[in-house]
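In: here is my input; please provide its structure:
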Amino acid sequence: METCLTCLNLSGERRISPGPYIYQGTHWIVDHAYPTTHLGWLVILPKRHIEALHELTREEFQELAEIEYRLLQVMHTDSSVLKEYMMCFAEGQGFAHVHIHVVPRPVDLPAEIKGPRVFALLAVDAEHAIPAQEITAFCEEFTRKLQALP
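Out: Coordinates of the predicted model:
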């Protein structure tokens, strides 16, 4: 069986993001994707290992919908964000565990990386990624904004 990097991340055995979790709910965790050159690229992770969306319970879907709503409300407060992308493939090596990418699409995103080509912003090694301290500061600030929503 292939090693699940998401499960290792969730257990704390091998964290992916250098920042703290943005949200920890009953069924879901929100983390910052890493490495990346795109600040604000969030990933929603189910706490239990599942490999297809149809495996989610009604309760997990209900919490997911609320998280997605809240994340998008906070992202939308940034005037540089035109819209938001949400994607779920769970097909990458080591990443069969369902995870939902929530990506702020800036006004000035180059045409060559719009839509699914935005994943080019994850095709970077740690040396060329956003520095860990910036990710941490972003996660802490985003968490504060999320908690301040009514």
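In: which of the three states applies to the residue nearest the centre of the chain?
Out: Central residue of the chain (CA atoms, centre = their mean): Val43, 1.5 Å from the mean position. Three-state assignment for Val43 (DSSP: H, G, I helix; E, B strand; the rest coil): strand.
In: can I take it that Arg70 is in a helix?
Out: Yes. Per three-state DSSP, Arg70 lies within a helix segment.
In: quick one: residues contacting it.
Out: 23, 146, 149 (CB atoms under 8 Å, 6 or more residues apart in numbering). Bear in mind the C-beta positions are built from the backbone N, C-alpha and C, glycine included.
In: cool, Leu149 as well?
Out: Here Leu149 is in contact with 70, 73-74 (CB under 8 Å, 6+ apart).
In: where does pLDDT dip in this structure?
Out: The chain contains residues with pLDDT under 70 at 1.
In: quick one, helices of it?
Out: Applying DSSP state H to the chain gives helices spanning 5-11, 58-76, 132-148.
In: who's in contact with the residue lying closest to Pro35 once chain neighbours are set aside?
Out: Distances taken as CB to CB, 6 or more residues apart in numbering place Ala129 nearest to Pro35, at 3.3 Å, with adjacent residues excluded. For Ala129, the contact set (CB under 8 Å, 6+ apart) comprises 34-37.
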